[in-house]
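Q: Quick check, what structure comes out for this input:
(2 chains)
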Amino acid sequence: MTPAEALAYSLREIEAGRKTAAECAQLFPDVPELENQLQDAERLRDLRAVTLSPAASRNLEARLRTEFIIRYPPPQKQAPRLGLHWWPMGVTMMLAGLLLSVVMATPGSLPGEPLYPLKRAAEQAEITLTRNAQLPTLYATLAQRRFTELEALLNRHALTPKLFDAHATEARTYTAASLASVSRLPTNEQAGQLREVILSLDQQRAAIARMRVSAPVELQADLDAVARTLQLQHATAKTQLTGLTVSTPSPTAALDNPSPVATTTVAPTGTSVATQPLVTAFPSPTAAPTSTQPPPATESVTQLAPSHTPPATIDAATATLPGNSACQAHNPHSPRYCTPTPAP
Amino acid sequence: MAISTALTDKTLVRRAQQGEAEAFTALYHQYAPALVRYFLLRRVDVTTAEDLTAEVFVRVIEGLGRYRDTGAPLAAWLFRIAHDRLVDHIRHWARHPITPLSELMHDLQADPETLAVEALEAAALMRAIAVLNDEQKLVVQLRFIEGYNVEVTAQIMQKSMGAVKALQHRAMSNLSRKVMQ
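A: So this is what the prediction gives:
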């Protein structure tokens, strides 16, 4: 038996509990290093304890779970049928409406205040009840709302690094979800929603810039990190919007669309739009992902469907330059909605 | 890895594909520690290991809808994604930090009372693992740290069982020699 076979045999016997390392070493006296190797293998098992701390693991789990729920939202409930089952749906709708009324009445509540949990619960209800076509705007609004809360807390000198991290992470996840949900919309609806997302990102970047002026030293590094992430997400959204302004021919366009459609090839922008990552929930040093799933995935998550409509024109009424922060406090669904900042 | 784990993974993946968040969370608990160890054994700092592990699971979330059971263990997919993430990380961050092992052990969870003794032993082992090549590191982790048997290790590494046995022998020879130094 070769040393490799002796080792394999010994490991099998030890794993089955039939022999010890010393007994195996006696079986193979011509493999003197065997006992040391078996003892080292035993000690390697202790490295199973090497992992993240429970707090770090819980944090990571929460972030990933949020990402999963956003990506795989619960199925939209069908319209209730008359009968014994309609009343729970009716009660749920009433409660959701009540919660929405509460959040409409308390837009300025902040973490630590009595009504804040209700505000958050109402947001979750809002997500459940919102149609897919409006989800990108809603997610963008929720992301912006987190930054508004952070700014208000900072102005009250009540912002802690832990609170900042939690809020910034949530905002990041909502923005990623916003971009991801855009890709699920029909092509002719994507541009409008993308503009809303970009406006929201502009608002968030402006909030970070304001916070940098007055934030304490210990928060500056975190603010820088968030600013970089926002920049990346902003660039992603703008690239996607640019790609939508010129229609892209699909490889199967001739089969999918019998009627000829004038198409223009998108000029390459350094990174192919079809593979540009939309989900940037976690800052990644890479720009172009490589597909690693076992089935050879030829369909990209961000593949654009062939556009049968004329290229979208930019609506001058809605397009705003970065930095134009028109605050419409009465419309919570608009990215330009802002929580009234309490007077210091 | 027992047959029951493979069946559990299949069930969890199927339920996660149907949108069940708890199933995804269960997969996270099952594989996140191993993925963190995968990155740590390649001398990535703890924060980066956490970020890279997160990236792996984000890729899993993105690819879950297209994932099909081909008979290979789920771990094969996860470790392949982990490898790709690590390659991208190294490619884009050429000056990746080589974390001193003492710092590494301090960051990780450990019973403070036994930290000194266990940390020293663990540090010696991790120092020995660090000199192995990537394949040897992986076989050591899969066989002896994560506890996969030869058959499953072979499936994850896409090698024959004979090749895995030879590889584990070479890895343990090198590791034991380094530990004795």
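Q: so residue A:31, which of the three states?
A: At residue A:31, secondary structure determined by DSSP: H, G, I helix; E, B strand; the rest coil is coil.
Q: how many other residues sit next to it?
A: Residue A:31 is flanked by 20 other residues according to other Cβ atoms under 10 Å in any protein chain shown. For every residue, glycine as well, the C-beta is placed using N, CA and C.
Q: The one 3 residues further on now?
A: A count of neighbours around residue A:34, defined by other Cβ under 10 Å, yields 24.
Q: now it: how far from chain B?
A: Distance from residue A:34 to chain B, counting by Cβ to the nearest Cβ, to the nearest Å: 9 Å.
Q: Phi and psi next, for residue A:72.
A: phi -120, psi 70 (degrees, to the nearest 10).
Q: Setting aside sequence neighbours, what's the nearest residue to it?
A: In space, and not counting its chain neighbours, residue A:72 is closest to residue B:19: 4.1 Å by Cβ to Cβ, 6 or more residues apart in numbering or on different chains.
Q: burial count for that neighbour?
A: The number of residues near residue B:19, taken as other Cβ under 10 Å, comes to 16.
Q: go on, residue B:71?
A: Residue B:71 has 8 nearby residues by other Cβ under 10 Å.
Q: for residue A:55, same thing?
A: 9.
Q: helices and strands around the helix or strand hosting it, which ones?
A: Secondary structure assignment for residue A:55, by DSSP states H and E: helix A:54-71. Counting contacts by 3 or more Cβ pairs under 8 Å, 6 or more residues apart in numbering or on different chains; DSSP states H and E, helix A:54-71 packs against helix A:161-183, helix B:21-40, helix B:46-63.
Q: could those go into JSON lines alongside mean pLDDT, mean neighbour count and distance to residue A:91?
A: As requested, these are exported to JSON lines (pLDDT from 0 to 100; neighbours: other Cβ atoms under 10 Å in any protein chain shown; distance: least, Cβ to Cβ, whole Å):
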{"stretch": "helix A:161-183", "mean pLDDT": "74", "mean neighbour count": "22", "distance to residue A:91": "28"}
{"stretch": "helix B:21-40", "mean pLDDT": "94", "mean neighbour count": "20", "distance to residue A:91": "24"}
{"stretch": "helix B:46-63", "mean pLDDT": "94", "mean neighbour count": "22", "distance to residue A:91": "33"}
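Q: is it possible to export those to CSV including distance to residue B:84?
A: Below are the helices and strands packed on helix A:54-71 laid out as CSV (distance: least, Cβ to Cβ, whole Å):
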stretch, distance to residue B:84
helix A:161-183, 20
helix B:21-40, 12
helix B:46-63, 8
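Q: out of those, nearest to residue A:241?
A: helix A:161-183 (9.5 Å; Cβ to Cβ).
Q: Can you name the next helix or strand after that closest one?
A: Assigned by DSSP H and E, the successor of helix A:161-183 is helix A:187-214.
Q: and that next one, what does it pack onto?
A: helix A:135-155, helix A:161-183, helix A:217-245.
Q: possible to save these as JSON lines with distance to chain B?
A: Converted to JSON lines, the helices and strands packed on helix A:187-214 look like this (distance: least, Cβ to the nearest Cβ, whole Å):
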{"stretch": "helix A:135-155", "distance to chain B": "15"}
{"stretch": "helix A:161-183", "distance to chain B": "9"}
{"stretch": "helix A:217-245", "distance to chain B": "11"}
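Q: Export those helices as TSV, with columns for distance to residue B:127.
A: Converted to TSV, the helices and strands packed on helix A:187-214 look like this (distance: least, Cβ to Cβ, whole Å):
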stretch	distance to residue B:127
helix A:135-155	43
helix A:161-183	33
helix A:217-245	31
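Q: Out of those, which is closest to residue B:71?
A: Nearest to residue B:71, of the helices and strands packed on helix A:187-214 and by Cβ to Cβ, is helix A:161-183 at 30.4 Å.
Q: Please save the CA atoms from stretch B:151-165 in PDB.
A: What follows is stretch B:151-165, C-alpha atoms only, in PDB (Å, rounded to 0.1, in the frame of the first residue of the first chain):
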ATOM      1  CA  GLU B 151     -16.400  11.200  -2.700                       C
ATOM      2  CA  VAL B 152     -18.100  14.500  -2.000                       C
ATOM      3  CA  THR B 153     -14.700  16.300  -2.000                       C
ATOM      4  CA  ALA B 154     -14.000  14.800  -5.400                       C
ATOM      5  CA  GLN B 155     -17.400  16.100  -6.700                       C
ATOM      6  CA  ILE B 156     -16.800  19.600  -5.300                       C
ATOM      7  CA  MET B 157     -13.300  19.800  -6.700                       C
ATOM      8  CA  GLN B 158     -14.300  18.000 -10.000                       C
ATOM      9  CA  LYS B 159     -11.500  15.400  -9.600                       C
ATOM     10  CA  SER B 160     -11.500  11.600  -9.300                       C
ATOM     11  CA  MET B 161     -11.400  10.000  -5.900                       C
ATOM     12  CA  GLY B 162      -7.900   8.700  -6.600                       C
ATOM     13  CA  ALA B 163      -6.700  12.200  -7.400                       C
ATOM     14  CA  VAL B 164      -8.200  13.500  -4.100                       C
ATOM     15  CA  LYS B 165      -6.500  10.800  -2.100                       C
END
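Q: Can you list the buried residues in it?
A: B:152-157, B:159, B:164-165 (16 or more other Cβ atoms under 10 Å in any protein chain shown).
Q: So which of those residues sit within helices?
A: B:152-157, B:164-165 (DSSP state H).
Q: Pick the one among these closest to chain A.
A: Nearest to chain A out of these is residue B:165 (Cβ to the nearest Cβ; 4.4 Å).
Q: Just give the number of residues close to the closest residue to that closest one other than its chain neighbours.
A: Spatial nearest neighbour of residue B:165, excluding adjacent residues (Cβ to Cβ, 6+ apart): residue A:8 at 4.4 Å. Here the number of neighbours of residue A:8 (other Cβ under 10 Å) works out to 21.
Q: What separation do you get for residue A:8 and residue A:43?
A: 19 Å (Cβ to Cβ, to the nearest Å).
Q: before we move on, what about residue A:36?
A: Residue A:36 sits 11 Å away from residue A:43, going by Cβ to Cβ.
Q: the more surrounded of the two?
A: residue A:36 (18 against 14).
Q: hang on, that one packs against residue B:176?
A: Yes - counting by Cβ atoms under 8 Å, residue A:36 does reach residue B:176; the two are 4.7 Å apart.
Q: what does the stretch 1-150 of chain A put close to chain B?
A: Contact residues, the stretch 1-150 of chain A versus chain B (Cβ under 8 Å from any Cβ of the partner chain): A:3-5, A:7-8, A:11, A:15, A:33, A:36-37, A:40-41, A:43-54, A:56-57, A:60-61, A:63-65, A:67-69, A:71-75.
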